[in-house]
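Trainee: below are the sequence and a predicted model; questions follow.
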Amino acid sequence: MLNRLSLVKVWLPLIVLAKALSINFPASAQIIQTNPQQIIRTNPQQIIRTNPQTQDSLQERIRQQQEQQNQQTQERMNETWLRQNFQQPQQLQQQQIIQQQEFTQQRQEMLRQQQLRLQQEGTRLQQQDFSQQQQLRIQQQQLRQDQQIRQQQQFRLQEQIRQQQLRQQNNL
């Protein structure tokens, strides 16, 4: 579609130019075809009036040339249009296939990265869980040690009190 539009943009000014030349060309061509001495002595309107046979034959030749140019231009435009219409669907199809492949690759890459992130997140959570369990074990171990130390201190204290009571009783 874009190629057709650009073709129209290229050919349209040429066609307009050809039409404009076809309107202005006969008068200019007659001046060139007339006798140069007449041009010096007369103006272009007088030349056209004084030489009607030259004007008719010249206008006919110019008209034929213009028709031939228009026909050639039209044929070139038709050839270009046909070439584009037959090549463009294949190119569009190839382009669509390439775009689909690129999209599929991008999607696969995105899924791969997402899986990698999920794996990394899973590993991080496992490490976090492991370190929490380790901290809990360490805390439990410290609590047991603290309990043992307290029990030992309590036992010593009780032993000291008992020893003291025994001494006091012996002293009495």
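Mentor: All right, it came through fine.

Trainee: in three-state terms, how would the most centrally placed residue in the chain be classified?
Mentor: In the chain, the C-alpha nearest the mean C-alpha coordinate belongs to Q99, at 10.3 Å (Cα atoms, centre = their mean). Of the three states, Q99 takes helix according to DSSP: H, G, I helix; E, B strand; the rest coil.

Trainee: for M110, see how far away it is.
Mentor: 16 Å (Cβ to Cβ, to the nearest Å). C-beta here means a position set from N, CA and C on the backbone, and glycine is covered the same way.

Trainee: now the helices for this structure?
Mentor: 2-33, 36-41, 44-50, 52-171 (DSSP state H).

Trainee: and those helices as CSV, adding mean pLDDT?
Mentor: Shown next, in CSV, are the helices of the chain (pLDDT from 0 to 100):
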stretch, mean pLDDT
helix 2-33, 62
helix 36-41, 47
helix 44-50, 48
helix 52-171, 88
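
Trainee: residues near N171, how many?
Mentor: N171: 6 surrounding residues under other Cβ atoms under 10 Å.

Trainee: same question for I97.
Mentor: 10.

Trainee: start at 203, not 1
Mentor: Got it, first residue is 203 now, which makes that one I299.

Trainee: T306 versus that one, what's the distance?
Mentor: Taking Cβ to Cβ as the measure, I299 falls 10 Å from T306.

Trainee: tally of neighbours for D348?
Mentor: Using other Cβ under 10 Å, the number of residues around D348 comes to 10.

Trainee: I'd like to know how many residues surround L216.
Mentor: Here the number of neighbours of L216 (other Cβ under 10 Å) works out to 13.

Trainee: contacts only, for it.
Mentor: Shown in contact with L216 (Cβ atoms under 8 Å, 6 or more residues apart in numbering): T275.

Trainee: try it again with 10 Å
Mentor: By Cβ atoms under 10 Å, 6 or more residues apart in numbering, the residues touching L216 are 271, 275, 278-279.

Trainee: perfect, that will be all.
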